[in-house]
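*Asks:* I would like the atomic coordinates for the input below:
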Amino acid sequence: MDNREKRKVLIIYTGGTIGMVENPNTGALENFGLHRFLEMVPELGRMDYHISLEAFDPPIDSSDMEPIRWKEIAEMIVRNYETYDGFVILHGTDTMAYTASALSFMLENIAKPVIITGSQLPIGQLRTDGKENLLTSVEIAAACDASGRPIVPEVCIYFDSRLMRGNRTTKINTDEFNAFQSYNYPPLATAGIDIRFNARLIRPIPTDKPLRPHLELDDRVMVLSLFPGIRQDFVEAALSAKELRAVVIKTFGAGNAPQKPWLLESFLKLRARGILVVNITQCSEGSVEMHRYETGLQLLNAGVENGHDSTIETCVTKLMVLLGEHRDTEQIRALLHQSIAGEITVP
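*Replies:* Residues are numbered from 1 along each chain as shown. Below is the predicted model:
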């Protein structure tokens, strides 16, 4: 029997543009229920897979996505992990890269595809990009080799003909169909007439390691983006939060910051309080190299951690998962410099 005929895929709808329809009276976009989903996408019934659907009730806008919701998605996957061969998550685009990054760390040793997708236009509109994104995501989630093993056993985002590692993506466009980009890691697959997988880029299936969920997240993380003229009083007020456990600083270029004594003193004080400070670049592409310039070396000497080529979405969610899992700051510090789920390139 064709392996593909036996594949089972679970679609999880969280909300977002892909599942909306225009209200004829107000013109506003509103979520429709799962009972209408198959009506909107009859092509799902023609696929050679067993497809099931679950949904958040009620669906949420992706701007309202937060760690407790990531936990719900992860629990849905864990609960259905043995039943299905792959998972497709329908999600709003605004925070899709955060969810993809979070799940990549929350689902340690994932051995099945988790494909996150959505659309820029509602699936009921004539020119929607939603149908192609959804149908191809289902096909990728079900794809297996001759031995029946999944081809893409990791958390990914599929959008506009490209399959990207979830924790390498960021949203770049609000108006075009190519809403996402993976600047520091090539696409895992491209979809044209055929879906062309790049096997050497895809993480291997974990051998003899069961799925290990990490469902406890610690959200005591903040982001500080540097800019010319940044004020001492504003920064010190933000960094004085009593419950703070980690700070992500978005620096210039290869990880550089203004040579202001008060700024370095702020980071030294955080270190003394046991608060992690991680340096990532504001540039879309490239990596932090704090030893390259004096303006970066000063941060390294102040105990700031190198975030390498991490995206902001990945750095924030990785910290939340690590802080939720570990209490030993030194252990977390060591893990920040390791690629846990293919999220960074370590020299």
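*Asks:* so where do the strands sit in the stretch 1-150 of the chain?
*Replies:* 8-13, 20-22, 29-31, 50-55, 86-90, 107-108, 114-117 (DSSP state E, counting those that start in this stretch).
*Asks:* may I see the buried residues of the first one?
*Replies:* By neighbour count, with 16 or more other Cβ atoms under 10 Å as the criterion, the buried positions of strand 8-13 are 9, 10, 11, 12, 13. Where C-beta positions appear, they are placed from N, C-alpha and C, glycine not excepted.
*Asks:* related to what we said a few turns ago, how about the strands of the stretch 1-150 of the chain, which one is nearest residue 99?
*Replies:* strand 114-117 (6.4 Å; Cβ to Cβ).
*Asks:* helices and strands around the closest one, which ones?
*Replies:* Packing contacts for strand 114-117, counted by 3 or more Cβ pairs under 8 Å, 6 or more residues apart in numbering; DSSP states H and E, involve strand 86-90, helix 96-106, helix 130-142, strand 155-159.
*Asks:* can you do 6 Å?
*Replies:* If you count contacts as 3 or more Cβ pairs under 6 Å, 6 or more residues apart in numbering; DSSP states H and E, strand 114-117 packs onto strand 86-90, helix 130-142, strand 155-159.
*Asks:* the last one: what's the following helix or strand?
*Replies:* Spelled out, that is strand 155-159. strand 162-165 (DSSP states H and E).
*Asks:* domains in the protein, by residue range?
*Replies:* Listed domain ranges for the chain are 3-213, 221-336 (source: automatic domain parsing).
*Asks:* can you redo those as TSV with distance to residue 343 and mean pLDDT?
*Replies:* TSV is the format used below for those (distance: least, Cβ to Cβ, whole Å; pLDDT from 0 to 100):
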stretch	distance to residue 343	mean pLDDT
domain 3-213	4	90
domain 221-336	5	94
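*Asks:* ok so, going back, tell me which of the strands of the stretch 1-150 of the chain sits nearest to residue 174.
*Replies:* Using Cβ to Cβ, the nearest of the strands of the stretch 1-150 of the chain to residue 174 is strand 29-31, at 14.8 Å.
*Asks:* can you give me the helices for the stretch 101-250 of the chain?
*Replies:* In the stretch 101-250 of the chain, the helices defined using DSSP state H, counting those that start in this stretch lie at 130-142, 232-239.
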